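sharing a model prediction with you, sequence too.
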Amino acid sequence: MSRFDTCFFERYARVSLEKLLDKDFAALLNMDRPDLQSADGKTLGIEVTRAMPETKEAADTMLKEMAGIRSVREVSDDAEDIDKMLASGYGYGLDGGQYVGSKEYDYWSLALPMRRIIENKVSKAGNGFYGKFDSLGLYIFSKDAISDEKVADIVNFTISLQSQNEIRYDFLYLSEINNLNVCDLRSSHIVCHPISRLQRRLFFLSSLEH
């Protein structure tokens, strides 16, 4: 487990990929360099990161949105679920508090804007930091909604940035709370998968399980 216990977010990424794309993603192991990878350590690797404002308020809001709730008062009939979220240490701010849980605050406080985080991750991949995989993916949590035009710009930027690299990302997954944009960096093909409020709740709760 990493210093800031970021495994929750990696599990959330894995669950969303499994439920929205293919059940085979469930077999990915939560490792290091990259965060999610196939058991053989060579078929598939996915690095998980985030791009969002570097504030506690932004982190608090995003955790609520990831949990699929606006406030505890609005979901009193789901008290058991809320209790589980709060007890986990990942959802302290879900009850209207001013900051997020101790387990994830340091992780989110290190978040970088989209351009910088992509530059950083593309550089690391190109330098062999994550090793070589048959397919390499980058999963980015975004606090803000991303328009279709912006998604296309991000894809083009990433493709251009890594064009000279021997080791490149094949897929870019842009998770923006309500949508998961699956971007094929080899063909520039983009597919948007909507995420309902109920699905967000299920993803959050599933990610609390080790």
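Received the coordinates, thanks.

can you point out the buried residues in stretch 26-43?
L28, N30, P34, D35, L36, Q37, S38 (16 or more other C-beta atoms under 10 Å). Placement of C-beta: from N, CA and C, glycine included.

for the protein, name the helix or strand with the lowest mean pLDDT.
For the chain, the helix or strand with the lowest mean confidence is helix 102-109, at a mean of 46 (criterion: mean pLDDT, DSSP states H and E).

nearest residue to A152 in space, please, no chain neighbours.
Nearest in space to A152, with sequence neighbours left out and distances taken as C-beta to C-beta, 6 or more residues apart in numbering, is I190 at 6.8 Å.

so of the buried residues of stretch 26-43, which ones are in strands?
N30, L36, Q37 (DSSP state E).

which one of those is nearest to E119?
L36 (21.3 Å; C-beta to C-beta).

helix or strand right after the least confident helix or strand of the chain?
helix 114-126 (DSSP states H and E).

for that next one, packing partners?
strand 44-51, strand 135-142, helix 148-161 (3 or more C-beta pairs under 8 Å, 6 or more residues apart in numbering; DSSP states H and E).

let's have those in TSV, adding distance to S206.
Shown next, in TSV, are those (distance: least, C-beta to C-beta, whole Å):
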stretch	distance to S206
strand 44-51	15
strand 135-142	16
helix 148-161	26
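
turn these into TSV, including mean neighbour count.
Listed next are those as TSV, based on neighbours: other C-beta atoms under 10 Å:
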stretch	mean neighbour count
strand 44-51	23
strand 135-142	22
helix 148-161	16
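
do you know which of those lies nearest D184?
helix 148-161 (8.7 Å).

can I get the next helix or strand after the closest one in CSV? Just the C-alpha atoms.
On the C-terminal side of helix 148-161, the nearest following helix or strand under DSSP H and E is strand 171-175. C-alpha atoms of strand 171-175 as CSV (Å, rounded to 0.1, in the frame of the first residue of the first chain):
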residue,chain,number,x,y,z
PHE,A,171,-5.6,4.4,-24.2
LEU,A,172,-6.5,7.5,-22.2
TYR,A,173,-9.5,7.2,-19.8
LEU,A,174,-10.9,10.6,-18.7
SER,A,175,-13.2,10.1,-15.7
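
direction included, what does strand 171-175 pair up with?
strand 135-142 (parallel), strand 179-184 (antiparallel) (DSSP bridges).

gap between the closest residue in space to L28 that isn't next to it in sequence and Q162?
The shortest distance from L28 to any non-neighbouring residue, by C-beta to C-beta, 6+ apart, is to L36 (4.3 Å). For L36, the distance to Q162 (C-beta to C-beta, to the nearest Å) stands at 19 Å.

part of a strand, is G41?
No. G41 is assigned coil when assessed by DSSP: H, G, I helix; E, B strand; the rest coil, not a strand.

for M114, which non-adjacent residue is spatially closest?
Going by C-beta to C-beta, 6+ apart, M114 has A51 as its nearest residue, at 4.1 Å.

quick one, what contacts that neighbour?
A111, L112, P113, M114, R116, I117, I118, I140, F141, S142, K143 (C-beta atoms under 8 Å, 6 or more residues apart in numbering).
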